[in-house]
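> coords below, sequence missing:
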């Protein structure tokens, strides 16, 4: 009797986070449970081709370096990626892999902006990338999945789980709503019906700080392991994954390696997005404004740490209470993680995609504070920092290239060049939803920007 072939976890998005997070868990499970599941790694765009080529040369293996806040480093060779899906403009290899009956899960990390959602969390059909995909291209996750799932439906029609692993509130639900809306706009009724009936999209919460790999990692890996790694990755020692247990075609026994399987991910998700993700962005924007390069430097700057602490303490914790989590303790753990000087996560990386992070991470707390009859002074600091950050971007004064998948540069340059730029920013429905028409919010934002503008003119000392 021959052993059953492994099931395949197709992952779309070849960034560092997947390799430090989901691939790590599946590697640990492979060690414990044997080769029952393996990863096929793919990417929608050609920007990951050098990485995919490097991994191909290494049979999908690479070393993960983790580091604690005290500087203790550990090295582990990750072996769960068994298939490197070659990129081509038509995504033919990805389509073939996704259509294979052995593929039971299709997961993805495409960043918050990769879902093209408006302030009401609905698909924005006007975005040029979505428009192109509606015409048959595959620039986005939606266009890519349409090709993959059409082929799967035609080949055998077996069910599959579509698993969102990005920092997006209600990430499974919102991806699914966006994808179904996309299929309706394509008038692809047969695929729409099949996806509705034969796929599930569990919500998840993922957490591990994973900076972009720097040149100094490979020499440390070589010294520690003897492996000349062309594609190492590093992350903090902390890791967490919470998933709603709603898989369409079976799943790995992830609970064996520390993944939390739940009926509803909501309490973990809200705490992580509002306390960790929003504070992370606050620190990155503030640190950039005062000339700092790294998250740990900015977190160790007292004024910046206080901004994040006050935001969580004054506005977020009351919004999330009661909670099954100890929110004050979670806040303190998060800020301690950010202050880790060995991670060397950059303000550039964390500051990215602000136009998606404002409505996704921050506006819900603003609106809930007003609904409680309170003025969200501590939360208003975050969009105020981002406005000042956009001013620097507009004037070409940022110390790095700002990356934002939702940024239409020409339009935002016009806004920031106008004499009423702040009023137009405050009135942007895509950022602030119903608060865009609230005069009290506009006044609060203007007052906060004025205060922070003076503060940001004073360079802050850098701690190394």
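Arrived safely, thanks for sending. The structure displayed is predicted, hence computed values, not measured ones.
> in the stretch 101-250 of the chain, which spans are helices?
128-134, 141-155, 171-185, 189-198, 217-225 (DSSP state H, counting those that start in this stretch).
> quick check: buried residues in the first one?
Right, the one you point to is helix 128-134. 129, 130, 133, 134 (16 or more other Cβ atoms under 10 Å). Where C-beta positions appear, they are placed from N, C-alpha and C, glycine not excepted.
> which strands and helices sit next to the helix or strand that contains residue 271?
Here residue 271 sits within helix 266-271, counting by DSSP states H and E. The contact analysis (3 or more Cβ pairs under 8 Å, 6 or more residues apart in numbering; DSSP states H and E) places helix 266-271 against strand 240-244, helix 317-320.
> name the residues of the last one that are buried.
Within helix 317-320, the residues that qualify as buried are 317, 319, 320, counting by 16+ other Cβ under 10 Å.
> follow-up on the earlier one: so which pair among the buried residues of helix 128-134 is furthest apart in space?
Distance extremes for the buried residues of helix 128-134: the farthest pair is 129 and 134 at 9.9 Å, using Cβ to Cβ.
> tell me the domain ranges of this structure?
7-262, 266-456 (automatic domain parsing).
> in JSON lines: those domains, plus mean pLDDT.
Below are the domains of the chain laid out as JSON lines (pLDDT from 0 to 100):
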{"stretch": "domain 7-262", "mean pLDDT": "96"}
{"stretch": "domain 266-456", "mean pLDDT": "96"}
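> from memory residue 111 sits against residue 357, does it?
No: counting by Cβ atoms under 8 Å, residue 357 is not a contact partner of residue 111; they are 10.2 Å apart.
> those two - which one has more neighbours?
More neighbours surround residue 357 than the other of residue 111 and residue 357, with 30 against 19 (other Cβ atoms under 10 Å).
> in what helix or strand does the residue nearest to that one when sequence neighbours are not counted lie?
Spatial nearest neighbour of residue 357, excluding adjacent residues (Cβ to Cβ, 6 or more residues apart in numbering): residue 281 at 5.2 Å. Using DSSP H and E, residue 281 falls within helix 278-289.
> now the helices for the stretch 301-450 of the chain?
Going by DSSP H, counting those that start in this stretch, the stretch 301-450 of the chain shows helices at 302-310, 317-320, 327-338, 347-351, 354-357, 363-371, 377-394, 409-417, 421-426, 429-432, 439-456.
> any idea which of these is most buried?
Each of the helices of the stretch 301-450 of the chain was scored by mean neighbour count; the highest is helix 354-357, a mean of 26, by mean count of other Cβ atoms under 10 Å.
> pull the distance from it to the chain's centre.
In terms of Cα atoms, centre = their mean, to the nearest Å, the centre of helix 354-357 is set 11 Å apart from its chain centre.
> what does stretch 253-264 give?
That offset, for stretch 253-264, works out to 20 Å (Cα atoms, centre = their mean).
> I'd like the helices of the stretch 301-450 of the chain as a markdown table, with distance to residue 162 appended.
Formatted as a markdown table, the helices of the stretch 301-450 of the chain follow (distance: least, Cβ to Cβ, whole Å):
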| stretch | distance to residue 162 |
| --- | --- |
| helix 302-310 | 34 |
| helix 317-320 | 28 |
| helix 327-338 | 29 |
| helix 347-351 | 26 |
| helix 354-357 | 20 |
| helix 363-371 | 25 |
| helix 377-394 | 31 |
| helix 409-417 | 31 |
| helix 421-426 | 35 |
| helix 429-432 | 25 |
| helix 439-456 | 36 |
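> and of these, who's closest to residue 263?
Going by Cβ to Cβ, the one of these nearest residue 263 is helix 317-320, 18.6 Å.
> other SSEs contacting that closest one?
Against helix 317-320 (3+ Cβ pairs under 8 Å, 6+ apart) you get helix 266-271, helix 327-338, helix 363-371.
> coming back round to it: what does the helix holding residue 281 rub up against?
For helix 278-289, the external contacting residues (Cβ atoms under 8 Å, 6 or more residues apart in numbering) are 293-295, 297-299, 301, 303-305, 307-308, 311-312, 316, 334-335, 338, 347-351, 354, 357, 361-362, 365, 381-382, 385-386, 388-389, 392, 398-399, 452, 456.
> now do the buried residues in it.
278, 279, 280, 281, 282, 283, 284, 285, 286, 287, 288, 289.
> residue contacts, residue 308?
Taking Cβ under 8 Å, 6+ apart, one finds 279, 282, 283, 299, 335 in contact with residue 308.
> for residue 353, that is, sorry about that
So residue 353 contacts 111, 112, 113, 403, 404, 405, 406 (Cβ under 8 Å, 6+ apart).
> skipping its backbone neighbours, what lies nearest it in space?
residue 113 (4.8 Å).
> burial of the one you found, as a residue count?
So residue 113, with other Cβ under 10 Å, has 23 neighbours.
> quick check, it in contact with residue 355.
Yes: using Cβ under 8 Å, residue 113 makes contact with residue 355 at a distance of 7.3 Å.
> which residues do these two both contact?
404, 406.
> measure the residue nearest to residue 333 when sequence neighbours are not counted to residue 299 for me?
The shortest distance from residue 333 to any non-neighbouring residue, by Cβ to Cβ, 6+ apart, is to residue 238 (7.9 Å). Distance of residue 238 to residue 299, computed by Cβ to Cβ, to the nearest Å: 15 Å.
> compare these two (neighbour count), which wins?
Counted by other Cβ under 10 Å, residue 238 and residue 299 do not tie: residue 299 has more neighbours, with 28 against 16.
> contact partners for the more buried one?
283, 305, 308, 335, 338, 339.
> which one among those gets closest to residue 5?
The closest of the contacts of residue 299, once distances to residue 5 are taken by Cβ to Cβ, is residue 338, at 42.9 Å.
> just list the residues touching that closest one, thanks.
Counting by Cβ under 8 Å, 6+ apart, residue 338 has contacts 209, 279, 280, 283, 295, 296, 299.
> want to throw those residues into TSV with distance to residue 427?
TSV is the format used below for the contacts of residue 338 (distance: Cβ to Cβ, whole Å):
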residue	distance to residue 427
209	34
279	26
280	26
283	27
295	31
296	36
299	32
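> next, give me the two most distant ones among these.
Longest span within the contacts of residue 338, Cβ to Cβ: 279 and 296, 13.7 Å.
> neighbours around residue 314, how many?
Using other Cβ under 10 Å: residue 314 sits among 16 other residues.
> apart from its neighbours in sequence, what residue is nearest it?
residue 378 (4.2 Å).
> ramachandran angles for residue 78?
Torsion angles at residue 78 (phi, psi; degrees, to the nearest 10) stand at phi -90, psi 130.
> shouldn't it be in contact with residue 25?
No: applying Cβ under 8 Å, one finds residue 78 not in contact with residue 25, separated by 10.2 Å.
> more neighbours, those two?
Counted by other Cβ under 10 Å, residue 78 and residue 25 do not tie: residue 78 has more neighbours, with 21 against 18.
> state the distance from residue 148 to residue 90.
Distance from residue 148 to residue 90, by Cβ to Cβ: 12 Å.
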